[in-house]
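>>> Quick one, fold the following:
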Amino acid sequence: MDQFFKLSERGTNVRTEIVAGITTFMTMAYILAVNPSILSASGMNPNAILTATALSSFLGCFLMAFMANYPFALAPGLGLNAFFAYTICGTMGYSWQFALLAVFVEGLIFIVLSVTNVREAIFNAIPLQLKKGVSVGIGLFCAFIGLQNANIVVDSATLVTLVNFRENFHTVGISALLAIVGLLIISIMYVKKVKGAMLYGIIITWILGIICQKAGIYQVTPEAGFYSLIPSWGSFDIWAIKETAGQCFNFSKIDFNLVDFIIIMFSFLFVDMFDTLGTLIGVANKANMLDERGRLPRIKEALLADAIATSAGAILGTSTTTTFVESSSGVAEGGRTGLASIVTGALFLLSLFLAPVFTTIPSFATAPALIFVGFLMISAVVEISFEDMTEAIPAYLCLLFMPLTYSISEGIAVGVISYVVINVIAGKRKSITGLMYVLAILFVLKYILL
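This next block holds a predicted model:
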């Protein structure tokens, strides 16, 4: 195992990789509950979606491990699943079979772009300082997601505000307090150099939540989105996947409109491509995997694994499978090889048989890990050269727009466009590669046409 995954060479060991893999899974396990909830709005069977989610995640993680040997975990991504269910199947009125076909074709195009080095070229074309901005932006994005999942930051007239702990204390208030306690636990353990600090923090916070539920402090209110924290063994039909598997090829259910299909497919393509590139940049930078030129070894294999998982997920019956930013939590625990991804993937497979356990993990228990990961990733801000404004300003805009637009791809788009415009006006055209010009034009066209 040491020779295959090169554990010693990368300064890690089996225990560290296992803890990293479990930590990544714990922070991602919410997708097992959230993805069926969202995609079922399209008319798909929730049990079939859960099975497809677990299997596509398992497959994606194993592909990443064996093809690229990286601790990056994959699963159906948030955002695009909402676009799938609410826009394509809802507003536009297309069948979910039509949407799955668009995801499948998008994956095939990704495979071609990965094999022909196009995606690798895009990754390498992004300037190093901008990559640092991406890393910091993803850290802020992770922290923002964590603050929302914990109900610490809530919606308001000013878009976001601090939660009122006294209002709805037995649901929102206690969840926010438990998340703050969990963040303190992780922080103290990390300062004390406890191995697996984030994993322990998640488990301890979950146990504290169960105690609060038993004591009546936390009250189960399903209609408000607050469910029991104690696993209960209900009925789950694993074979329901036969209702979605292969349905992307059921052309009798697909009302084909070529123009709409191309627009939808390219929407998937743009968001998925740059979400994946951004995640790889951010997580790899945190793990010190980028070389002095900001390039990631075996990037082709990593992108190819992501692309194959996308098409395979569509065949199984789920929206776009992509590399998860939550992988940064496992990297923060020391994960450096594909063994961590193997552990994460194996847990997704196991979740098919223990679904009630994993879907019960509350978001306020995993949120502290994401908030703390934000702290670890924001450290890359000191690596941005603020003496060169033509490099620093695009990096700043990139890291600013990621959390505020709730999108990694939008942050990259703003960073690329501003980098090209600022450097052209400043007379530094030599610092801009031809591909950066192409990317800037494509991003502008995306905002105009899509």
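>>> Surely Val154 is within a strand?
Yes. The assignment for Val154 (DSSP: H, G, I helix; E, B strand; the rest coil) places it in a strand.
>>> shouldn't it be in contact with Glu167?
No. Using Cβ atoms under 8 Å, Val154 makes no contact with Glu167, being 10.0 Å away. Any C-beta I mention is one placed from the backbone N, CA and C, and that applies to glycine too.
>>> more neighbours, the two?
Counted by other Cβ atoms under 10 Å, Val154 and Glu167 do not tie: Val154 has more neighbours, with 16 against 10.
>>> what sits against that one?
Applying Cβ atoms under 8 Å, 6 or more residues apart in numbering to Val154 gives the contacts 148, 160-163, 172.
>>> what separates it from Leu178, distance-wise?
15 Å (Cβ to Cβ, to the nearest Å).
>>> can you give me the helices in the stretch 251-400 of the chain?
258-286, 299-316, 327-332, 338-350, 355-358, 363-378, 389-405 (DSSP state H, counting those that start in this stretch).
>>> Let me know which of those is tucked in deepest.
helix 327-332 (a mean of 30; mean count of other Cβ atoms under 10 Å).
>>> I'd guessed Thr366 sits against Met26; true?
Yes. With contacts defined as Cβ under 8 Å, Thr366 counts as touching Met26 at a distance of 6.0 Å.
>>> any residues in contact with both of the two?
Common neighbours of Thr366 and Met26 (criterion: Cβ under 8 Å, 6+ apart): Ile202.
>>> looking at the protein, which helix or strand is least sure?
Ranked by mean pLDDT, DSSP states H and E, the weakest helix or strand in the chain is helix 355-358, scoring a mean of 78.
>>> In this protein, which residue is most central in space?
Centrality entry for the chain: nearest residue to the mean C-alpha point is Phe324, 2.8 Å, by Cα atoms, centre = their mean.
>>> Show the pLDDT at Ala215.
Looking at Ala215, its pLDDT stands at 96.
>>> low-confidence ranges in the protein?
Per-residue confidence for the chain (pLDDT under 70) gives these ranges: 234-236, 450.
>>> I'd like to know how far the most far-flung residue of it relative to its centre sits from Thr390.
Distance from the C-alpha centroid of the chain peaks at Gly427, with 37.1 Å (Cα atoms, centre = their mean). Gly427 sits at a distance of 9 Å from Thr390 (criterion: Cβ to Cβ).
>>> Check Thr116 too.
Distance, Thr116 to Thr390, using Cβ to Cβ: 31 Å.
>>> Repeat that for Gln213.
On the measure of Cβ to Cβ, Gln213 and Thr390 end up 54 Å apart.
>>> do the same with Ala224
Using Cβ to Cβ, Ala224 is found at 49 Å from Thr390.
>>> Am I right that the residue farthest from the centre of the chain sits in a helix?
No. Using three-state DSSP, the assignment for Gly427 is coil, not a helix.
>>> For it, grab phi and psi.
phi 80, psi 20 (degrees, to the nearest 10).
>>> about what we covered before: of all the helices of the stretch 251-400 of the chain, which one is nearest Ser8?
Nearest to Ser8 among these is helix 338-350 (12.2 Å), distances taken as Cβ to Cβ.
>>> ok now the closest one, how far from the chain's centre?
16 Å (Cα atoms, centre = their mean, to the nearest Å).
>>> Dump it to PDB, keeping only the CA atoms.
Taking Å, rounded to 0.1, in the frame of the first residue of the first chain, the C-alpha atoms of helix 338-350 are listed here in PDB:
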ATOM      1  CA  GLY A 338      -5.600   8.500  -3.200                       C
ATOM      2  CA  LEU A 339      -6.000   6.200  -0.100                       C
ATOM      3  CA  ALA A 340      -8.000   9.000   1.500                       C
ATOM      4  CA  SER A 341     -10.300   9.000  -1.600                       C
ATOM      5  CA  ILE A 342     -10.600   5.200  -1.300                       C
ATOM      6  CA  VAL A 343     -11.800   5.600   2.300                       C
ATOM      7  CA  THR A 344     -14.300   8.300   1.300                       C
ATOM      8  CA  GLY A 345     -15.600   6.200  -1.600                       C
ATOM      9  CA  ALA A 346     -15.900   3.100   0.500                       C
ATOM     10  CA  LEU A 347     -18.000   5.000   3.000                       C
ATOM     11  CA  PHE A 348     -20.300   6.200   0.300                       C
ATOM     12  CA  LEU A 349     -20.800   2.600  -0.800                       C
ATOM     13  CA  LEU A 350     -21.400   1.600   2.800                       C
END
